[in-house]
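> Return atomic coordinates for the entry below.
(2 chains)
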Amino acid sequence: MKVILLRVGELFLKGENRYIFENALYNNIRKSLEGLKFTLTKTQGRLVVGGFDDEEQVVERLCKVFGLTSLSVAEEVDADMGEIEKHFSTIKCDGSFKVNVTRGDKRFPLTSMQVAAELGGIILDNNKNASVDLYNPEHVFMVDIRQNGKAYLFDKSIKCQGGLPLGTAGGALLLLSGGIDSPVAGYLMAKRGLRLEALHFHSYPYTSLEAKQKVETLAKKLCEYTNEVKLHVVSFTKVQEEIHSKCAPEFMITIMRRIMMRIAEIIAKREGLGAIVTGESLGQVASQTMQSMTVTENVVKTLPVFRPCIAMDKEEIVSVAKHIDTFETSILPYEDCCTVFLPKNPVIKPKLERAEREERQLDLDALISLALASEEVVEIKR
Amino acid sequence: MIYLDNCSTTPMSEDALKEYGKYASACFYNPSASYAEANKVRLKLDEAREKLKKMLGAKGGEIIFTGGATESNNLSLKGSEREGKWEYVVSIGEHPSVLEVAKSMEKKGRVVHYIPLTKNGEIDYSFLEKVLNKKTRLVSVMLVNNVTGAINDIKRVSQLVKSLSPQAVLHVDGVQAFKKLNFSVNALDIDLLSISAHKFHGPKGVGALYVKNKTQLKNIIFGGGQEFGIRSGTENVAGIMAMVKAAEEIDTEKAFRHVKQLHDAFLHEIENEKGISVVCPDGSPYILCLLFAGVNSETLVRMLENDVVVGRGSACSSKKAGNSVLEAMGYSREQVKGALRVSFSDISTLKEVESAAKIIKEKYLELYERTK
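Okay, here's the model as predicted:
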C-alpha cells in the first residue's frame, strides 16, 4: 500500500511544549487535506498519511504545510523479510546505489547491516548495470522498519516548507497592498507559525475594482499555505483626499502610512491579533527608509511591527514571490492606493515633529472612524 | 445607466439574436456536408456573402468570413507578406491587431514604415507619398480611427498607392466605418477591408474580410479548405447569419444623420466648459474623443460607471499605460491621461446623450475639485 511519510523539523526542539506544536501540526495537516480522501496516523513520533486516491494532490498540499521539512511517498509492507524482498525484486536500477536500513523495531531478527546486504544482493542479481557505492551513490533505497509491524520502502524525499505549524505563534495582521512584497512578507511570517488576517486599503474611484480583486486573488494564493485568510478591506479615499488638500505634498505618503498603521492597530487589537506585518524592505522606496519607518511606526503603540523582507533584495523577494505563485498576480498593472496622489518628491528623511505638525491640519479621529466604517470583511478560503 | 461605449461593442439586435438562434439550433447543419439540409445552409451562407458584398459596394472580389476584425487584420498582413526585399507601410494610428503584426514582421527583418499622424488625427499623406515605391508590398491605413474618430482620406491613399506602388495591396481597417459611414470599396479602390460584427449589433467572435483578388492572399490557418482555402475551419454559420442580419437592419444614412445630431447635442452641452476639449471635432460623429484637463480619466470613468458607461481610448489596449494614438498626434502624457472616449450608436437617444453630457461635465468638475 502506498503511504506518505512526513518529517518534521524544529518541533523536536520544543521540549515540554512539544505536544502543542505536534497537535497543531496534526490539525493543520487534516485541514490542508480537507475534501480529499486520506487517513493520518501517528506512530513512534512519525506521521503517516495513507488511504488516498489522489497522490499528486495530497503531496502538493502536504508540501505547503508549515512545520514539515520533507516527505516521502513510500510502499508500506509487513515488516517481514519475505515481503520486503518481494518488493526489492521489482526494483529497476541503472548505475550505483546503496540500501539504507533503519530498524526502529529491535525485535526484527536481522540487523540493519544484514538487511541492507541481503536487499543489495537482490538488486545486483536483477539489474546487470547496477553496482554498489556506499559513499556517492546515484540511487539510495531506504527501508524503515517500525514497531507497528510495518516496513516503509522509498527512494526519494521531497522538500517541504519547514517552519513552525501555523497558528502556534499566534495571529497577525498583514498589510496587503497588491504589490510583490506584502504577500511574501505574509508567507514568511506564516511560516514562523503566525495565523494571518490581511488588511487592504483601496481608493475607489481612484483605484479600480480590479485592484481590489487582485488583492483577493493574492490572499487566495496565500491560502494555499494558510488555509484561510480573513481580508479586511477599508476605503482610504476620503483620507487621501483630505491629506492631499491639507498637508504638504512631500508628506503625503508619510502621513498616509501613519494613518494606515493606526487603522491596522485598531483592527488587529479588535481581532485579537498580536502583531502587524508589512512588506517593507530597507531603502526600497522613500517611505521605506529607516527615518520613514521610525516616523510611521511611532503611531503603533502596543504591537510589534514585523517586516520580514527588511533585509531582502528585490530579487530575493521576487524569487519567494515566484515560489509561492503570487508574482504573476502582483505585477498586474492596476494602480494601488499608494500610487494615487503620488507626490513628485516625497520626503526621504521625515522628521516626526514635522509629520505631527502636518497631521494637525486633519481631523484624524473623524477620518479614521470614517475609514473604519467603510470596512468590509471577505473570508477567503483555499 | 446610459451606455456610450459603442465603439467598444454594441448589444446584439433582437432580429440578429433570432437569426443566431435559428442557425445555432434548427438550421445547425455543417455547410460543407453533402446532404440536402446542409446544402440549404450553404446556399444561405453564399446569399449572406453576396449581401455583404453589396453593402460594401464591391464589384467582384470575395468575402472571407473570419473570427472577427483582429483575425481579418492579421490575415491581411500576414497573408500579404512575401519573401524578398518587399516593404510594408502601416500608419502608427492603427489598431494593435495591425501594429503588432507589423512589429512582428519587423522583428523578422522585414522593412516596415510607420506613417505618422498629423495634429488633426489623419495620417501624414506626404510621408506616405515619400515612402511608397516599387518594392511596397502592403499599405494598411484605417478608415476611421477607433480612438479619435479621425477619418483618413482613403481615396487619396489608394490613388497614391496605385500610382507609386503598382504591386502593393491596400488594406483598410473598416471596423469603425462599416454601417456608420457611407463608402464603397470599389469607389475607394480598396484591396482588403476588415469588419467586425459586434460593432454594429451583431455577435462577438465573427467578422469578415473583403478581398478584391483572393489569389493574392495566402492562408494563415490550415485545415479543411473552407472559405476558398483562405480560412479553414467550419464556418460560424449562426454568427455570420446574425452579422449580416444586423448589418441589413441599419440604414447607414439615416443612422448617420441621427448620430450626427447626438454628437452635436453632446458638444453643445459641454462647449462652455473650458477644461474639456475635443480631439477631432470633424471626425466621425460616432466617436468623440475628449480631453479633460487636470484629471485622470480612469478615475472619471469609474466615477461615472453607475450613470454613464464610457471608454478610455481603445478598450483593446486599455490594460496598457498611455494611449499611443493621442501621443502620436502630439498630445502630452499629461493630456493623454485625461482622455476619454464617448461613442454613440444608432440606438442611442437624444435624451440619453444630453443627460450623459451633463453628468460627465458635473462629475469632471467634482473630480477636478477633489484632486486639484
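> contacts, neighbours, all on C-alpha from now
Fine.
> any idea which helix or strand carries the residue of the stretch 151-300 of chain B found nearest chain A?
Relative to chain A, the nearest point of the stretch 151-300 of chain B is B:Thr299 (4.9 Å; CA to the nearest CA). Element membership for B:Thr299 (DSSP states H and E) is helix B:297-304.
> could I get that helix in PDB with only the CA atoms?
Taking C-alpha atoms only, helix B:297-304 is exported to PDB below (Å, rounded to 0.1, in the frame of the first residue of the first chain):
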ATOM      1  CA  SER B 297      -9.800  59.900 -16.900                       C
ATOM      2  CA  GLU B 298      -9.500  56.400 -15.500                       C
ATOM      3  CA  THR B 299     -10.900  57.800 -12.200                       C
ATOM      4  CA  LEU B 300     -13.500  59.700 -14.100                       C
ATOM      5  CA  VAL B 301     -14.700  56.600 -15.900                       C
ATOM      6  CA  ARG B 302     -15.100  54.800 -12.500                       C
ATOM      7  CA  MET B 303     -17.000  57.800 -11.000                       C
ATOM      8  CA  LEU B 304     -19.400  57.700 -13.900                       C
END
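> and the end-to-end length of stretch A:271-278?
This stretch, stretch A:271-278, spans 17 Å end to end (CA to CA, to the nearest Å).
> picking up where we left off before, can you pull the contacts of the residue of the stretch 151-300 of chain B closest to chain A?
A:Pro205, A:Tyr206, A:Thr207 (CA atoms under 8 Å, 6 or more residues apart in numbering or on different chains).
> Make sure the second one is actually in contact with A:Val340.
Yes - counting by CA atoms under 8 Å, A:Tyr206 sits close enough to A:Val340 to count as a contact (6.7 Å).
> And these two? Which one has more around it.
Neighbours per residue, other CA atoms under 10 Å in any protein chain shown: of A:Tyr206 and A:Val340, the larger number sits with A:Tyr206, 23 against 15.
> So for the nearest residue to the more buried one once chain neighbours are set aside, what's the pLDDT?
Of all residues not flanking A:Tyr206 in the chain, B:Thr299 sits nearest, at 4.9 Å (CA to CA, 6 or more residues apart in numbering or on different chains). Confidence per residue is given as pLDDT, and for B:Thr299 that number is 92.
> One more: the one 10 residues further on?
The predicted local confidence for B:Val309 comes out at a pLDDT of 97.
> now A:Leu342
On the pLDDT scale, A:Leu342 gets 79.
> To what extent is it buried, counted in neighbours?
14.
> Can you name the residues that contact it?
A:Met252, A:Ile253.
> in which helix or strand would I find it?
Here A:Leu342 is assigned to no helix or strand, by DSSP H and E.
> For it, grab phi and psi.
When read as degrees, to the nearest 10, the backbone of A:Leu342 gives phi -70, psi 120.
> and the gap between it and chain B?
11 Å (CA to the nearest CA, to the nearest Å).
> mind listing what's buried in stretch A:160-175?
By neighbour count with 16 or more other CA atoms under 10 Å in any protein chain shown, stretch A:160-175 contains the buried residues A:160-175.
> Distance from the chain centre to the longest helix along chain B, please.
Among the segments of chain B that qualify as a helix by DSSP state H, the longest is helix B:350-371. How far helix B:350-371 lies from its chain's middle: 27 Å, per CA atoms, centre = their mean, to the nearest Å.
> Same question for stretch A:250-264.
The answer for stretch A:250-264 is 27 Å, by CA atoms, centre = their mean.
> Check stretch A:217-231 too.
10 Å.
> Report the mean confidence score over that stretch.
Here the average pLDDT along stretch A:217-231 is 97.
> Extract the CA atoms of that stretch and return them as PDB.
Output of stretch A:217-231 as PDB, limited to C-alpha atoms (Å, rounded to 0.1, in the frame of the first residue of the first chain):
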ATOM      1  CA  THR A 217      -6.500  36.700  -5.600                       C
ATOM      2  CA  LEU A 218      -3.300  37.300  -3.700                       C
ATOM      3  CA  ALA A 219      -5.000  36.400  -0.400                       C
ATOM      4  CA  LYS A 220      -6.400  33.300  -2.100                       C
ATOM      5  CA  LYS A 221      -2.900  32.300  -3.100                       C
ATOM      6  CA  LEU A 222      -1.700  32.700   0.400                       C
ATOM      7  CA  CYS A 223      -4.500  30.400   1.500                       C
ATOM      8  CA  GLU A 224      -2.600  27.600  -0.200                       C
ATOM      9  CA  TYR A 225      -0.300  27.800   2.800                       C
ATOM     10  CA  THR A 226      -2.700  29.200   5.500                       C
ATOM     11  CA  ASN A 227      -6.000  27.500   4.500                       C
ATOM     12  CA  GLU A 228      -7.800  30.800   5.200                       C
ATOM     13  CA  VAL A 229      -7.300  34.500   5.300                       C
ATOM     14  CA  LYS A 230      -9.800  37.000   6.700                       C
ATOM     15  CA  LEU A 231      -9.400  40.000   4.500                       C
END
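> What lies in contact with that stretch?
A:31-32, A:61, A:64-66, A:166, A:178, A:183, A:186-187, A:190, A:195-200, A:216, A:324-326, A:329-330, A:377-382.
> Give me the nearest residue to the residue nearest the centre of chain B, chain neighbours excluded.
Residue closest to the average C-alpha location in chain B (CA atoms, centre = their mean): B:Val175, at 2.3 Å. Leaving aside its chain neighbours, B:Val175 sits nearest to B:Ile195 (4.6 Å; criterion: CA to CA, 6+ apart).
> Thank you kindly, that will do.
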